[in-house]
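Asks: sharing a model prediction with you, sequence too.
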Amino acid sequence: MISVKVNKADPTDLYEQVAAEIRRAIAEGEANPGERLPPAKDLAAVLGVNTNTVLRSLRLLRDEGLLEFRR
């Protein structure tokens, strides 16, 4: 599982913090091309944030072309 952390005391929106951490993990090779990320529900539980926060981060990264959603 990728290492993602958020700082709730930071004024940056949580979804932006999550997106930044996933970007970092991709850049540092923690997440490889084609590799599945953990489900949003699991990431949210680990981070202690709402699932919708993680989903918003993932949609942002998809719109940037960093992630691809598949069924």
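Replies: On my side now, so go ahead. Numbering: from 1, shown residues only.

Asks: tell me which stretches of the protein form helices.
Replies: Ranges of helices in the chain, per DSSP state H, are 14-27, 40-47, 51-63.

Asks: in TSV: the ones you listed, plus mean neighbour count, mean pLDDT and distance to R71.
Replies: In this view, the C-beta of every residue, glycine as well, is placed from N, C-alpha and C. Shown next, in TSV, are the helices of the chain (neighbours: other Cβ atoms under 10 Å; pLDDT from 0 to 100; distance: least, Cβ to Cβ, whole Å):
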stretch	mean neighbour count	mean pLDDT	distance to R71
helix 14-27	18	92	20
helix 40-47	16	92	14
helix 51-63	17	97	14
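
Asks: with distance to R70 added, can I get these in a markdown table?
Replies: Below are these laid out as a markdown table (distance: least, Cβ to Cβ, whole Å):
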| stretch | distance to R70 |
| --- | --- |
| helix 14-27 | 17 |
| helix 40-47 | 14 |
| helix 51-63 | 11 |
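
Asks: nearest to V6, of these?
Replies: When the helices of the chain are compared for distance to V6 using Cβ to Cβ, the nearest one is helix 14-27, at 4.5 Å.

Asks: if we can go back for a sec, to G34, which of the helices of the chain lies closest?
Replies: Across the helices of the chain, closest to G34 is helix 14-27 (Cβ to Cβ), at 11.8 Å.

Asks: how distant is that closest one from the center of its chain?
Replies: Distance, stretch centre to chain centre, for helix 14-27: 5 Å (Cα atoms, centre = their mean, to the nearest Å).

Asks: can you list contacts of it?
Replies: Identification of contacts with helix 14-27 by Cβ atoms under 8 Å, 6 or more residues apart in numbering yields 2-8, 10, 12, 30-31, 37, 43, 47, 49, 53-54, 56-58, 60-61, 66-67.

Asks: if we go to 6 Å?
Replies: Outside of helix 14-27, the residues within contact range by Cβ atoms under 6 Å, 6 or more residues apart in numbering are I2, V4, V6, A31, V49, T53, V54, R56, S57, L60, L61.
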